[in-house]
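Q: with the sequence up front, the predicted model follows.
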Amino acid sequence: MSQLLSCRQLQAQYGAVKVLHGLDFGVAEGGITTILGANGAGKTTTLRAVCGMVRTSGEIELGGSRIDGRSTEHIVRRGVAHVPDGRGTFVNLTVEENLRMGAYTRRDKAQVEQDYARIYGYFPRLAERRRQQAGTLSGGEQQMLAVSRALMLRPRLMLLDEPSFGLAPRIVQEMFEIFGEINRRDGVSMLLVEQNAALALRLADTAYLLETGRVVISGPAEDIRNDEAVRRSYLGY
Ligand code: ATP
């Protein structure tokens with residue numbers, strides 16, 4: 001599989017404080033990569049670095065061309081959709097209005113209409129609530145909406161920041177099954193940041209473990225799942 005996203009020696013900093021110290025990682029075309037790590041390891045910052053929301057150095061290549069140093073808007077137009085932690089829906093807008101915002105870069109209006117149907121197919125609960133204000137949705141529904149809004153962009157790469165956070169296990173399970181489906185059916189590649197390592201390692205093909213801004217273990221997700229140190233520290237068995 002060729003690489004869709006390749007980061008080489010990626011560094012990122014907030015003011016004078018460096019938090020990523022030269023990461024090498026990638027996402028295969030049509031693949032799912034997960035980045036695992038404890039609180040403060042730099043997972044969220046890694047996603048923010050890929051979409052140009054934090055100062056970086058090093059190389060970020062998407063589909064063969066460099067995107068490091070480009071504006072977030074440029075990166076979004078290249079097909080990268082970010083689902084931030086804390087969800088980030090427009091709470092005063094309805095479900096449908098949120099989805100429309102997700103499609104703002106698109107000119108193919110007829111296909112946008114079809115995409116509403118496709119997304120409501122994945123998340124029927126959102127269809128029932130299409131006129132409801134996003135702020136009044138449950139946590140799980142808001143997360144579904146955040147993912148759906150990102151999908152309205154027709155992304156090549158979706159950046160998912162802790163989609164399981166704060167949700168009931170059953171909802172999380174459902175959500176991860178849908179991620180798998182979106183990946184297989186629509187060919188959307190994913191870079192998934194998760195604290196729930198067991199879940200992430202089942203979905204992903206490739207995994208990286210971060211500790212204080214450095215990759216300490218990487219490889220096929222299946223190998224990482226069987227890694228003794230990962231099992232003890234992150235999988236709890
Ligand atoms: P968590 O799992 O707790 O969300 P994380 O692995 O996603 O953690 P980051 O949010 O990327 O970690 O944070 C990495 C480091 O950067 C932390 O030490 C954090 O305090 C610091 N940091 C994050 N955002 C900022 C900011 N806006 N300004 C300064 N420092 C920041």
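A: Okay, I see it.
Q: any idea what the residue most central in space within the chain is bridged to?
A: Geometric centre of the chain, nearest residue: L160, 1.8 Å, by C-alpha atoms, centre = their mean. L160 has these beta-bridge partners by DSSP bridges: V83, L192.
Q: quick one: name the residues of the chain near the ligand.
A: Counting by C-beta under 6 Å from any ligand atom, the chain comes close to the ligand at 14, 17, 19, 37, 39-45, 195. The way it works is simple: take the backbone N, C-alpha and C, and place the C-beta from them, glycine included.
Q: go with 8 Å
A: Residues of the chain lying near the ligand by C-beta under 8 Å from any ligand atom: 14-15, 17, 19, 37-46, 48, 54, 85, 161-162, 193, 195, 210, 213.
Q: residue contacts, D85?
A: Residues in contact with D85, defined by C-beta atoms under 8 Å, 6 or more residues apart in numbering, are 44, 161-162, 165, 193.
Q: give me the buried subset of those residues.
A: Neighbour counting with 16 or more other C-beta atoms under 10 Å marks 44, 161-162, 193 as buried within the contacts of D85.
Q: show me the shaky parts of this protein.
A: 236-237 (pLDDT under 70).
Q: care to break it down by domain?
A: Structural domains assigned to the chain are 1-79+155-237, 86-153, following automatic domain parsing.
Q: does F179 touch A200 like I think?
A: No. The pair F179 / A200 is not scored as a contact, 10.0 Å apart, by C-beta atoms under 8 Å.
Q: please say which of these two ends up with more neighbours.
A: A200 (27 against 20; other C-beta atoms under 10 Å).
Q: the helix of greatest length in the chain - contacts with which helices or strands?
A: Scanning the chain for the helix with the most residues, using DSSP state H, yields helix 169-186. The helices and strands touching helix 169-186, judged by 3 or more C-beta pairs under 8 Å, 6 or more residues apart in numbering; DSSP states H and E, are helix 109-122, helix 139-151, strand 189-194, helix 197-203.
Q: tell me which of those is the most buried.
A: strand 189-194 (a mean of 25; mean count of other C-beta atoms under 10 Å).
Q: just the C-alpha atoms of it, please, in CSV.
A: The C-alpha trace of strand 189-194 is given here as CSV (Å, rounded to 0.1, in the frame of the first residue of the first chain):
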residue,chain,number,x,y,z
SER,A,189,-8.1,6.8,5.4
MET,A,190,-8.0,7.6,9.1
LEU,A,191,-5.5,8.8,11.7
LEU,A,192,-7.0,7.9,15.1
VAL,A,193,-5.8,9.2,18.4
GLU,A,194,-7.1,7.1,21.3
